[in-house]
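Sequence and predicted structure below; questions after.
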Amino acid sequence: LTHWLELQTLETTRRDAANHAVTVSQTTMAQILTNTETVAEHAMTTLIAASNRLFIGIAVAVAIGLSVAIGITHSLVRSMRRGIAFAEQIARGNLTASIALKQRDEIGKLAEMLQEMGTRLREVVVSVKTTAEKVTHGSQQMESSAQVMSQGASEQAAASEQASSSMDQMTANIRQNADN
């Protein structure tokens, strides 16, 4: 019986220990679960905050990109409009037109070449005008010379006619004298 009582005591101690272990396990598990939920909630909050920052960052980057693209587009369009206005002035005959565009890109090079084209066109027109003035002056001199020659020829024709008339009269006088 002592052995049995010892076994019974041992069994009770073992049961109490097991119950205590289960209670401690359950308490520990509850604390771990609570801690896990807290960590998960914190992780979720951090993830949401990071996502929000990422979306804000993307939105800011897109806004900056759009602003830069719009700025570049406006700059190109403004430069092209200046070039078109210059070409229209040249086409309308305003050879004194100029384009003031100081850029170091392709548009700037195009503006530089348009300005050079306008300068050379002015030079050609001035050269043609000078040549036309010289031709006009030469034509006027030729016309004056032709008038002088025409007048001289008219005077010579009149003198020849007078000489012819005088010769006719002399011939008539000679005949009359020969008849007498």
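Everything's here; your move. Numbers count the residues shown, from 1 in each chain.

does residue 108 really touch residue 100, like I thought?
No - between residue 108 and residue 100 there is no contact, the gap being 11.2 Å when judged by C-beta atoms under 8 Å. The C-beta positions use only the backbone N, C-alpha and C, and glycine is treated the same way.

And the helices in the protein?
Residue ranges of the helices in the chain, as given by DSSP state H, are 2-91, 106-179.

which of the ones you listed has the lowest average pLDDT?
Taking each of these in turn, the lowest mean pLDDT turns up on helix 106-179, with a mean of 90.

Residue 9 and residue 18: what is the separation?
Distance, residue 9 to residue 18, by C-beta to C-beta, to the nearest Å: 15 Å.

no, scratch that, I was asking about residue 113
Relative to residue 18, and taking C-beta to C-beta, residue 113 is found at 98 Å.

go on, residue 157?
Following C-beta to C-beta, the distance that separates residue 157 from residue 18 is 160 Å.

How about residue 70?
75 Å.

possible to save the helices of the chain as JSON lines with mean neighbour count?
Below are the helices of the chain laid out as JSON lines (neighbours: other C-beta atoms under 10 Å):
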{"stretch": "helix 2-91", "mean neighbour count": "11"}
{"stretch": "helix 106-179", "mean neighbour count": "11"}
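
Can you give me every residue that contacts residue 4?
By C-beta atoms under 8 Å, 6 or more residues apart in numbering, residue 4 lies in contact with nothing.

ok, and the closest non-adjacent residue to residue 118?
The spatially closest residue to residue 118, leaving aside those adjacent along the chain, is residue 90, at 5.5 Å (C-beta to C-beta, 6 or more residues apart in numbering).

Just list the residues touching the one you found, thanks.
Contacts of residue 90 (C-beta under 8 Å, 6+ apart): 97, 117-118, 121.
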